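Student: Let me see the structure of the following:
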Amino acid sequence: METQQELNALSNGIMTSGSLFNHWQGHRRVTRRLIEIFPEEQLFEFSIGGMRSFADMVKEISGLSGIGMRGLVTGDWTSTPELDYRSGKSVVSTKAELLCLWDEITVEIDSLWPQIPYQRFHEVIQAFVEYEGYTLDIILYWIDNEVHHRAQGYVYLRALGIEPPAFWNRD
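Tutor: Model prediction:
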């Protein structure tokens, strides 16, 4: 439910925090279906043209989303062994673990999102203690990054002869 401040802002903008949240979660649902359909061995090993495995891409998406939301709300940008995508040493090594981590991050996003005050979206932050930008732009980057890597996953599935889930179905 939108606050009065957000409803008033509609006359000056195109999106509320609630509509942005729903948009992002729709993308997350599509990405989760893509992870589910991927054969486990290919999820961690298949590559085209020197690109990373889709599992490594999902670990990056998870790290940005999980660490990012926590950092945005609490100021703690610390990684965890599960979300350590930068070093390539994430302890996640099975499809089941990857899906479980995805679901845990989704629950965390669900609980943290309402804690973001409307004005915070227009503040400059230092994401991951190194990327400066407006909060809204940082979040949009996380979404863009997910869509970009999901598209690579679609290419992988098609190369494996597997029909990917419909990208437009965000339910």
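
Student: quick one: contacts of the longest helix that the chain contains?
Tutor: Using DSSP state H, we find that the single longest helix of the chain is helix 135-159. The contact list for helix 135-159, computed with Cβ atoms under 8 Å, 6 or more residues apart in numbering, reads 20, 23-24, 27-28, 30-31, 34, 37-38, 42, 46-48, 51, 54, 57-58, 60-61, 64-65, 68, 72, 116, 120-125, 127, 131, 133, 163-164, 167. All C-beta spots, glycine's among them, are computed from the backbone N, C-alpha and C.

Student: So which residues make contact with the helix or strand harbouring residue 35?
Tutor: Using DSSP states H and E, residue 35 maps to helix 17-37. Contacts to helix 17-37, defined as Cβ under 8 Å, 6+ apart, come from residues 1-2, 6, 15, 43, 54, 58, 61, 65, 95, 98-99, 102-103, 106, 109-110, 113, 116, 118, 121, 136, 139, 142-143, 146-147, 150, 153-154, 157, 162, 164-165, 167, 169-171.

Student: cool, and stretch 43-55?
Tutor: Taking Cβ under 8 Å, 6+ apart as the rule, stretch 43-55 contacts 34-35, 38, 42, 92-93, 95, 98, 149, 152-153, 155-156, 159-160.

Student: ok, and for that stretch, which residues are buried?
Tutor: Neighbour-count burial for stretch 43-55 flags 43-44, 46, 53-55 (criterion: 16 or more other Cβ atoms under 10 Å).

Student: still on that earlier bit, could you pick out the buried ones from the contacts of helix 135-159?
Tutor: Using 16+ other Cβ under 10 Å, the buried members of the contacts of helix 135-159 are 20, 24, 27-28, 30-31, 34, 38, 42, 46, 54, 57-58, 60-61, 64-65, 68, 72, 116, 121, 125, 127, 164.

Student: At which residues are the helices of the protein located?
Tutor: 4-9, 17-37, 40-45, 54-74, 95-112, 135-159.

Student: Tell me which of the ones you listed sits nearest to residue 82.
Tutor: helix 95-112 (5.4 Å; Cβ to Cβ).

Student: Could you list the buried residues of the closest one?
Tutor: 95, 98, 101-102, 105-106, 109, 112.

Student: Dump those to a markdown table, plus pLDDT.
Tutor: Shown next, in a markdown table, are the buried residues of helix 95-112 (pLDDT from 0 to 100):
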| residue | pLDDT |
| --- | --- |
| 95 | 97 |
| 98 | 96 |
| 101 | 95 |
| 102 | 97 |
| 105 | 96 |
| 106 | 97 |
| 109 | 97 |
| 112 | 97 |
